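> structure, please.
(chains A and B)
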2 protein chains.
Amino acid sequence: MTDPRLAELTRLLPDLKLSTDPGDLDHYGRDWTRRWTPAPLAVAWPASVGEVQAIVRWANGQGVAIVPSGGRTGLSGGAVAARGELVVSLDRMNRVLDVDPVDRTLTVEPGIALEAVQNAAREHGLLYPVNFAARGSCQIGGNIATNAGGIRVVRYGNTRQWIAGLKVVTGAGDLLDLNRGLVKNASGYDLRHLVIGSEGTLGIVVEATLSLTSPPPPSQVMLLAVPAMDALMKVFAEARRRLRLEAFEFFTDKALRYVLAHGAQKPFAEEHPFYVVTEFDAADGQAENDTLAFFEYCVGEGWVVDGVIASSEAQAASLWRLREGITESLAPHKPYKNDVSVRISAVPAFMDEMQTLLDAEYPYFEVVWFGHIGDGNLHINVLKPADLDDAAFVDQCEHVTTLLVETLVRHGGSISAEHGIGLVKKPWLGSVRSEAEIALMRGIKAVWDPNGIMNPGKLL
Amino acid sequence: MTDPRLAELTRLLPDLKLSTDPGDLDHYGRDWTRRWTPAPLAVAWPASVGEVQAIVRWANGQGVAIVPSGGRTGLSGGAVAARGELVVSLDRMNRVLDVDPVDRTLTVEPGIALEAVQNAAREHGLLYPVNFAARGSCQIGGNIATNAGGIRVVRYGNTRQWIAGLKVVTGAGDLLDLNRGLVKNASGYDLRHLVIGSEGTLGIVVEATLSLTSPPPPSQVMLLAVPAMDALMKVFAEARRRLRLEAFEFFTDKALRYVLAHGAQKPFAEEHPFYVVTEFDAADGQAENDTLAFFEYCVGEGWVVDGVIASSEAQAASLWRLREGITESLAPHKPYKNDVSVRISAVPAFMDEMQTLLDAEYPYFEVVWFGHIGDGNLHINVLKPADLDDAAFVDQCEHVTTLLVETLVRHGGSISAEHGIGLVKKPWLGSVRSEAEIALMRGIKAVWDPNGIMNPGKLL
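Now for the predicted structure:
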């Protein structure tokens, strides 16, 4: 620790765990994007709100930038530290602080993994319903910073909907205790909602009170084979009308091929262009009839050509693996990712144009898509050919992204459905937010973080 | 229109409906509070977004303050114009602009009444679930400005949860088009949520895209007689565990007496200290068994001593009238209102302390309470003795409010659950928001409204 700024930090907080070990710098300077070379000043692991606050005040005094750091499973570079920042890892602040079965809330430190939150709720007969594949390693603080979505949004909304209270250390070093778990509190600007989705640029979440709900009734998982893209949203509309949906996800034949190669089990004898995995309430006999009627109707209309309903929990898990295993199965191919959304009603027209665009612009690259089609959210993954240089690959993909953005704008969509802007999507922020909005965001940022130390260069 | 500022406005917008008629100034300068003498400069009724924007720019140029004005059913003085402001009434901007059954959204102008929104949704087989007694006269723009709650929050949340998009003219005159109906859009600070609940201090809502949902299954309405305060939350806990609640409201014997005097029908032969009206799903035979089991359990525990289930829609309406008619039945007594909330788990202890306080401090005033107890929200109405001067009455009540606030703070509560801060609760804002939070709010206000023309003196 020869850096005088770090020496000062150690003097202020002698018990603070701090590292400048090159392995730590490399590990904690990255998220799941791989485009930036980590170069933080150091990594700190505060163990208390007081330590976080002291670090932020030190950073203001020393002019050191801070990158708040959770599970670093982000896909937009929001947790990258490549410019001499102090990484503030919340790994050590990972406890459940309180469970209240009357309020149906769970109060946790920010470094707790999503899966640990889900388990803690389940132990009390309750549900924390936000869910996605990275649940084992992502942290609730990061979920809040990106307003994480995932596979249950169609039923339960995004993370935003489940935050009853937040403690936040602002960029100025003030500790805020926002909303304190109240169901109703009409007392001025809801700063809690400003922090949710702010990608660490306003402050550091140091505690969260999460709302829980009753677990849903028993559900069924069904996989459907869909012969044509234009049938997907028709199947969705029928499913939403007839069933009580928990999830409605789609993926393509190409996505399936990668998951199968990665060890998943083939669901149908034949191949089909599109697949839907859906989960829905199945509490009683009526639900069984509804399911059958839904399936038969879709088959009769030619929108579905095959289907399977899981008859055991193991089979349900294996159907879900076909969708949830995609990201991991693609990872070795260093995919370039788009995470786009349009209004649900705009999905068919947008998908048509998008497919035409991708076919024309990526004649030599493999493109795999899947996503939360019931939320209007599509994930596009362009796989890097093994012989192509990383930077050249990204350049080509960014060129196509610029074209894709034009299509998105025509359909009123967003360049970031759930991954956030971070570093990756900054060039296109102006496609989804107006100049006036961006100016307001900058103004708000300056109010919360007057010295600009909080995750600078991200988002704005 | 001899005022040169108004002459300039008329020159800029020759078609703008504008009035300085004393009757209009008096009518549009008030909300449901009656503590301020209306004294606006004039009332304007813009008919388009363009006119709103031009008015805001004129106001910046002329240094005229603006009071955005909806149905003026507010109870905190947020729509009062008593200091030479221009009232901008949204009465003429009251159309349904679009219904999208695929997105399940309704796009409306801000001046539409809540009830008209509910009806428009129903015409398309869908539900806009926010609901409260002022539905016929309150406007959606005002609902958004206060994040209105009401009687279905226990099931559906506040207004915030149902806003998929907002168009807003900021205090600087910029037109923002926020979120545009997307389900997922992780692209920076969610300014939409900052506007919701901002009480007209940041800008004027000029269009809203509302999310709709499927109508609930058939429901039942039940009225319960509860012998003691400490049983109320036990009944709630059981009801939440065993039934799928739509609403869970309580009121006292005194509240009932006023509603009965106002023409409602007596529900039980005997009088009881507390009543609960609850509505819950009753789709099938199982639900009937659950209801019976719930009722018998509560009776067995001594928490409930009588009950009635509505056997027709007319009876359901008459049970609901017992709760929804309270505010109107109290109005002639010029009630001083507290609208407080605590966490649900804190309700029993808080109610105990509150009752002791009210008994001690209001020996000569009648105090009527009721509220959304399933959300931790209590409405306290202190009735003005006929022979007491208005100002002296308010003075005495404000003294007690200051004591009540101390109790609230001890229980982590809020001085405004759903009515907003407005003018009425400004003295106690500091009891629910910290100095740092208020400083951030002021900073944000300055970013959105640099000349301070938007509803000045309200909230902050």
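> write out the residues of the stretch 301-450 of chain A neighbouring chain B.
A:341-345, A:372, A:375-377, A:412-421, A:425, A:429, A:432-434, A:436-438, A:440-441, A:443-444, A:446-448 (CB under 8 Å from any CB of the partner chain). C-beta: built from backbone N, CA, C; applies to glycine.
> give me the subset of those residues lying in helices.
Cross-referencing those with the helices (criterion: DSSP state H) gives A:L429, A:V432, A:A436, A:E437, A:I438, A:L440, A:M441, A:G443, A:I444, A:A446, A:V447, A:W448 as the overlap.
> what's around A:A59, how many residues?
Counted with other CB atoms under 10 Å in any protein chain shown, residues neighbouring A:A59 total 23.
> what's the one helix or strand it maps to packed up against?
Using DSSP states H and E, A:A59 sits in helix A:49-62. Under the contact criterion of 3 or more CB pairs under 8 Å, 6 or more residues apart in numbering or on different chains; DSSP states H and E, the helices and strands touching helix A:49-62 comprise helix A:4-12, strand A:66-69, strand A:86-89, strand A:163-170, strand A:203-211.
> right, and these - which one's nearest A:V99?
Proximity of the helices and strands packed on helix A:49-62 to A:V99 was assessed by CB to CB; the nearest stretch is strand A:203-211, lying at 10.0 Å.
> quick check on the residues of the stretch 301-450 of chain A next to chain B: which are buried?
The neighbour-count criterion (16 or more other CB atoms under 10 Å in any protein chain shown) marks A:341-345, A:372, A:375-377, A:412-421, A:425, A:429, A:432-433, A:436-438, A:440-441, A:444, A:447-448 among these as buried.
> which residues does the closest residue to A:S48 other than its chain neighbours contact?
With sequence-adjacent residues excluded and distances taken as CB to CB, 6 or more residues apart in numbering or on different chains, A:S48 is closest to A:M93, at 7.3 Å. By CB atoms under 8 Å, 6 or more residues apart in numbering or on different chains, the contact list for A:M93 reads A:P46, A:A47, A:S48, A:V52, A:E109, A:P110, A:G111, A:V206.
> same question for A:L176, what's its three-state structure.
When states are read from DSSP: H, G, I helix; E, B strand; the rest coil, the local structure at A:L176 comes out as strand.
> in this structure it contacts A:G165, no?
No: using CB atoms under 8 Å, A:L176 makes no contact with A:G165, being 10.4 Å away.
> does any part of stretch A:133-142 sit near chain B?
No: when contact is scored as CB under 8 Å from any CB, no part of stretch A:133-142 falls within range of chain B; the minimum is 12.1 Å.
> for that stretch, the averaged confidence score.
The pLDDT scores in stretch A:133-142 average 96.
> just how off-centre is it within its chain?
Distance, stretch centre to chain centre, for stretch A:133-142: 9 Å (CA atoms, centre = their mean, to the nearest Å).
> contacts for it, please.
If you take CB under 8 Å, 6+ apart as the criterion, stretch A:133-142 is touched by A:68, A:70-74, A:79, A:90, A:94, A:108, A:110-115, A:117-118, A:132, A:148, A:150-151, A:204-205, A:208, A:210, A:324-325, A:327-328.
> quick revisit: let me have the ones in helices among the residues of the stretch 301-450 of chain A next to chain B in CSV, extended by pLDDT.
Rendered in CSV, the data for those read as follows (pLDDT from 0 to 100):
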residue, pLDDT
A:L429, 98
A:V432, 97
A:A436, 98
A:E437, 98
A:I438, 98
A:L440, 98
A:M441, 98
A:G443, 98
A:I444, 98
A:A446, 98
A:V447, 98
A:W448, 98
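> now, which of these sits nearest B:A349?
The shortest gap between B:A349 and any of those belongs to A:W448, at 34.9 Å (CB to CB).
> show the contacting residues for the residue nearest the centre of chain A.
Per CA atoms, centre = their mean, the C-alpha nearest to the average position across chain A is that of A:A148, at 4.0 Å. Neighbouring residues of A:A148 by CB under 8 Å, 6+ apart: A:L114, A:V130, A:F132, A:C138, A:G142, A:N158, A:T159, A:E418.
> wait, the third one sits on A:G149?
So that's A:F132. Yes: shown here, A:F132 and A:G149 form a contact pair, counting by CB under 8 Å, at 7.2 Å.
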